[in-house]
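S.K.: need coordinates for the below:
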Amino acid sequence: MDMPVISECRVEACAYNTEHTCHARAITVGDTHHAECETFFQIEAKGGDLAATGRVGACKMADCHHNVRFECQAPGIVVGYAREDIDCLTYDPA
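M.R.: Just a heads-up that it's a prediction; the model follows:
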């Protein structure tokens, strides 16, 4: 199974974000109640694999239309701000 790509990350402060591209190998979305990007962290240095675009490794949002057995089936997702939270903006509650 191919993991969905992170099409865009709008959270410039994230250590994995360079020019709106996530470079984490895989992120985790959600805490079962909120579609947050659990991989986000803020530090001055940038990290990740600059030759790769991040993907969704796991999604804990069982009520999302794109979620099948905690695996995201969306072709791609967007991560960004939902109010002050850093969320999967592609989250679509069933």
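S.K.: how close does the residue in the chain sticking out farthest from the centre get to Met3?
M.R.: Largest separation from the mean C-alpha position in the chain: Glu44, at 19.9 Å (C-alpha atoms, centre = their mean). To Met3, Glu44 is 28 Å away according to C-beta to C-beta, to the nearest Å. (Glycine included, C-beta is placed from N, CA and C.)
S.K.: just Lys60 next, same as before
M.R.: From Lys60 to Met3 the distance is 15 Å (C-beta to C-beta).
S.K.: what sits up against the top strand by length along the chain?
M.R.: As assigned by DSSP state E, the longest strand anywhere in the chain is strand 76-82. With C-beta atoms under 8 Å, 6 or more residues apart in numbering as the test, strand 76-82 has contacts from 4-11, 22, 27, 29, 35, 37, 40, 56, 86-90.
S.K.: send the alpha carbons of it over as PDB?
M.R.: Only the C-alpha atoms of strand 76-82 are listed here, as PDB (Å, rounded to 0.1, in the frame of the first residue of the first chain):
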ATOM      1  CA  GLY A  76      -2.900  13.400  -0.600                       C
ATOM      2  CA  ILE A  77      -3.500  15.700   2.400                       C
ATOM      3  CA  VAL A  78      -2.900  19.300   3.400                       C
ATOM      4  CA  VAL A  79      -1.600  20.200   6.900                       C
ATOM      5  CA  GLY A  80      -2.200  23.600   8.200                       C
ATOM      6  CA  TYR A  81      -3.700  25.800  10.900                       C
ATOM      7  CA  ALA A  82      -7.300  25.200  12.200                       C
END
